[in-house]
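> Sequence and predicted structure are below.
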Amino acid sequence: MLKLSKLTDYGIVVMTHLAQEPYQVHAAGDVAVATRVAVPTVSKVLKRLSRAGLLVSARGSKGGYRLGRMPAAISVAQVIDALEGPFAITECASDGGSCSQESHCAVRANWQRINDTVWHALAGVSLADMVMAPAGESVVPVSAITVRPARRASR
């Protein structure tokens, strides 16, 4: 099973919350209450996302964080990259040179293709999409999604 870290899951929950009111400045404590995520975790997530340019921070008594771009312009892949680093399913799908099998690996190119496919799928889902959960349904945390390989059609 592919699984994102809890911090990244919480980051997507936080970003989805902020995307509901993209122009409003949100204090970390208010975000924590609204998302039911602990204040220290929310603060850590907000700082990392701000450093990545996905959020803008404002200081002062009415300070806090707001989205750096409109929700439709921020993808789930960008949030994952900001919190986990560059997306890679396997070590060889990231920067080369870190695997002793790399020079003679028969599946490296296929792992890269799979990695690109999954990343493009995540890049195709924006925060605006995450906010638009069907009526009566809550947004599913990304860590609850299991990616399974597609089955080949038999001929």
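Cool, got the structure.
> which helices and strands sit right next to the lowest-mean-pLDDT helix or strand in the chain?
Lowest by mean pLDDT, DSSP states H and E among the helices and strands of the chain is helix 108-123, with a mean of 88. In terms of contacts (3 or more CB pairs under 8 Å, 6 or more residues apart in numbering; DSSP states H and E), helix 108-123 is packed against helix 76-84. Where you see a C-beta, it was placed from the backbone N, CA and C, and this is true even at glycine.
> contact partners of the helix it packs on?
4-5, 7-8, 11-12, 15, 45, 48-49, 51-52, 54, 87, 119, 122-123, 125-127, 130, 142 (CB atoms under 8 Å, 6 or more residues apart in numbering).
> Can you tell me which of those residues are buried?
Taking 16 or more other CB atoms under 10 Å as the criterion, what is buried in the contacts of helix 76-84 is 4, 8, 11-12, 15, 45, 48-49, 54, 87, 119, 122, 126-127, 130, 142.
> any idea which of the residues you listed is closest to residue 62?
Here the nearest of those to residue 62, counting by CB to CB, is residue 49; it sits at 19.8 Å.
> helix, strand or coil for the closest one?
At residue 49, secondary structure determined by DSSP: H, G, I helix; E, B strand; the rest coil is helix.
> tell me the contacts of it?
By CB under 8 Å, 6+ apart, the residues touching residue 49 are 11, 14, 15, 55, 65, 79, 82, 83.
> The first one touches residue 45, doesn't it?
Yes - under the contact definition of CB atoms under 8 Å, residue 11 touches residue 45, with a separation of 4.5 Å.
> just to revisit the earlier point, ok, of the contacts of residue 49, which one's closest to residue 38?
residue 14 (11.5 Å).
> Heading C-terminal from the strand or helix carrying the closest one, find the next helix or strand.
In the assignment (DSSP states H and E), residue 14 maps to helix 6-19. Later in the chain than helix 6-19, the nearest helix or strand by DSSP H and E is helix 28-35.
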